[in-house]
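K.L.:
quick one: sequence plus predicted model below, questions after.
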Amino acid sequence: MEQPLLSVRHLSIGLSRQGTQLPVLNDVSFDVAPGEVLGVVGESGAGKSVAGAAIIDLLVPPLRRTAGEIALRGDRLDLMSPRQMHRVRGKRVGFIFQDPMTSLNPVLSIGKQLKDTMRTHLRLGSSELHGRALDWVTRVGLPNPERILKAAPHELSGGQRQRIVIALALCAEPEIVIADEPTTALDVSVQAQMLDLMRLLHKETGTAMVLITHDLGVVAKMADRVAVFYAGRLIEIASTRALFQSPRHPYTAGLIGATPAPDGQGGMQVVAIPGAMPGVDALPPGCAFHPRCPRAQADCRTVVPPLVVLGTGEAACLHPLPERTAA
Ligand SMILES: Nc1ncnc2c1ncn2[C@@H]1O[C@H](COP(=O)(O)OP(=O)(O)OP(=O)(O)O)[C@@H](O)[C@H]1O
């Protein structure tokens with residue numbers, strides 16, 4: 001990879017509970033290239049959101065970064081003061097969360113929020129700010145932009161609010177956006193529109209993205225590469241094409257198999273992974289996936305597999321699946 005835009009190295013996050021520190025994220029490392037979309041997938045509780053929050057320093061107790069380096073174009077975010085990070089958020093790193101109301105101020109008009117964000121980060125004059133705000137409302141596909149600028153968040157529908165959150169995340173021209181389940185709270189039809197919008201704006205602006213989702217369909221559509229998390233570890237990372245064509249970690253193969261797909265006879269088939277992902281307070285020794293893994297052998301019960309290069313990607317498995325080549 002060329003010089004990474006975002007570099008996450010050995011990131012670990014702990015959860016304080018009754019005087020003990022539970023590992024919520026363990027030694028996770030990945031890079032994002034300029035303009036790249038990295039999809040982050042995994043089951044609920046795998047650690048995707050805490051990783052995203054750690055990048056923008058939005059972890060709150062009882063969660064805490066216990067180790068790791070996070071660099072944006074070489075600038076160490078993990079060493080910055082809260083004040084410096086405040087400046088980075090919005091300007092250099094935008095963010096989109098699942099619930100638009102967590103990103104919007106309920107008492108300020110949409111126009112004020114867009115203009116404040118651009119004023120803070122882009123140092124524009126007020127006439128230019130108004131024009132840009134109108135432009136962003138139009139770009140995210142909302143009709144009657146003058147009316148929208150005057151509206152308060154509660155006067156908009158959930159889909160409209162999420163469009164504004166996307167505009168807010170992008171209007172200061174950040175280098176990268178962290179999007180955590182940006183479409184999950186929306187109706188299915190609105191989800192598809194929102195993904196199309198994000199893809200279009202990503203093409204237009206060239207902003208890189210970390211796209212956190214439990215939905216493999218979303219990453220298949222949006223991501224250049226995919227990182228798979230399981231029980232607080234990064235267990236596979238590869239280009240989207242390689243990952244879907246030839247997953248090397250049995251968990252990734254299970255996730256792909258658990259996504260509804262046409263069965264060739266007019267129906268859909270889903271092959272669920274048996275069992276459930278362990279919680280952070282009940283991690284088994286060795287590979288955390290071994291109790292559910294069809295390929296597990298004796299060593300999987302004792303050895304935590306490191307992430308190693310396999311083909312064009314990386315996987316953390318002692319007995320990975322063989323590479324499947326295109327037919
Ligand atoms: N504020 C919190 N307080 C206590 N535990 C938390 C908190 N936030 C997350 N956790 C725990 O940290 C672990 C990772 O959670 P995280 O939200 O990152 O998972 P996720 O993969 O993003 O799942 P989801 O898709 O459900 O958000 C889970 O065990 C979760 O219970």
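P.N.:
Sure thing, it's come through.
K.L.:
now do the strands in the protein.
P.N.:
For the chain, the strands defined by DSSP state E cover 6-17, 20-32, 37-41, 63-72, 75-76, 93-96, 176-180, 208-212, 225-230, 233-239, 261-262, 268-269, 308-310, 313-315.
K.L.:
neighbouring strands for the fifth one, and are they parallel or not?
P.N.:
If you go by DSSP bridges, strand 75-76 pairs up with strand 63-72 (antiparallel).
K.L.:
mind listing what's buried in the partner strand?
P.N.:
Neighbour counts over strand 63-72 (16 or more other CB atoms under 10 Å) mark 63, 65, 68, 70-72 as buried. Where you see a C-beta, it was placed from the backbone N, CA and C, and this is true even at glycine.
K.L.:
looking at the residues you listed, spot the one nearest Val190.
P.N.:
Closest approach between the buried residues of strand 63-72 and Val190, by CB to CB: Leu63, at 30.5 Å.
K.L.:
correct me, but the closest one touches Gln21?
P.N.:
No: checked against CB atoms under 8 Å, the pair Leu63 and Gln21 is beyond contact range at 10.5 Å.
K.L.:
as a markdown table, the strands of the chain with distance to Asp135 would be great.
P.N.:
As requested, those are exported to a markdown table (distance: least, CB to CB, whole Å):
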| stretch | distance to Asp135 |
| --- | --- |
| strand 6-17 | 27 |
| strand 20-32 | 27 |
| strand 37-41 | 24 |
| strand 63-72 | 26 |
| strand 75-76 | 29 |
| strand 93-96 | 17 |
| strand 176-180 | 18 |
| strand 208-212 | 21 |
| strand 225-230 | 31 |
| strand 233-239 | 34 |
| strand 261-262 | 40 |
| strand 268-269 | 42 |
| strand 308-310 | 44 |
| strand 313-315 | 39 |
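K.L.:
make TSV out of those and add distance to the ligand and mean pLDDT.
P.N.:
Formatted as TSV, the strands of the chain follow (distance: least, CB to the nearest ligand atom, whole Å; pLDDT from 0 to 100):
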stretch	distance to the ligand	mean pLDDT
strand 6-17	5	96
strand 20-32	4	95
strand 37-41	8	97
strand 63-72	6	97
strand 75-76	23	96
strand 93-96	14	92
strand 176-180	7	95
strand 208-212	6	96
strand 225-230	6	98
strand 233-239	11	98
strand 261-262	22	72
strand 268-269	23	72
strand 308-310	23	97
strand 313-315	19	98
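K.L.:
and of these, who's closest to Ser157?
P.N.:
Ranking these by proximity to Ser157 (CB to CB) places strand 93-96 first, at 16.8 Å.
K.L.:
other SSEs contacting that closest one?
P.N.:
Other helices and strands packing on strand 93-96, by 3 or more CB pairs under 8 Å, 6 or more residues apart in numbering; DSSP states H and E, are helix 158-170, strand 176-180.
K.L.:
quick one: closest of these to Pro306.
P.N.:
When these are compared by CB to CB, strand 176-180 sits nearest Pro306, at 26.2 Å.
K.L.:
quick one: contacts of the closest one?
P.N.:
5-6, 32, 48-49, 52-53, 55-56, 72, 92-98, 169-170, 198, 207-212 (CB atoms under 8 Å, 6 or more residues apart in numbering).
K.L.:
go again using 7 Å as the cut-off
P.N.:
5-6, 32, 49, 52, 55-56, 93-98, 169-170, 207-212 (CB atoms under 7 Å, 6 or more residues apart in numbering).
K.L.:
next one: stretch 130-150
P.N.:
109-111, 114-115, 118, 124, 160, 163-164, 166-167, 171, 197, 201.
K.L.:
which of those ranks first by neighbour count?
P.N.:
With neighbours defined as other CB atoms under 10 Å, the most crowded of these is Ile110; it has 28 neighbours.
K.L.:
and it, what does it touch?
P.N.:
Counted by CB under 7 Å, 6+ apart, Ile110 has contacts 148-149, 151, 153, 164.
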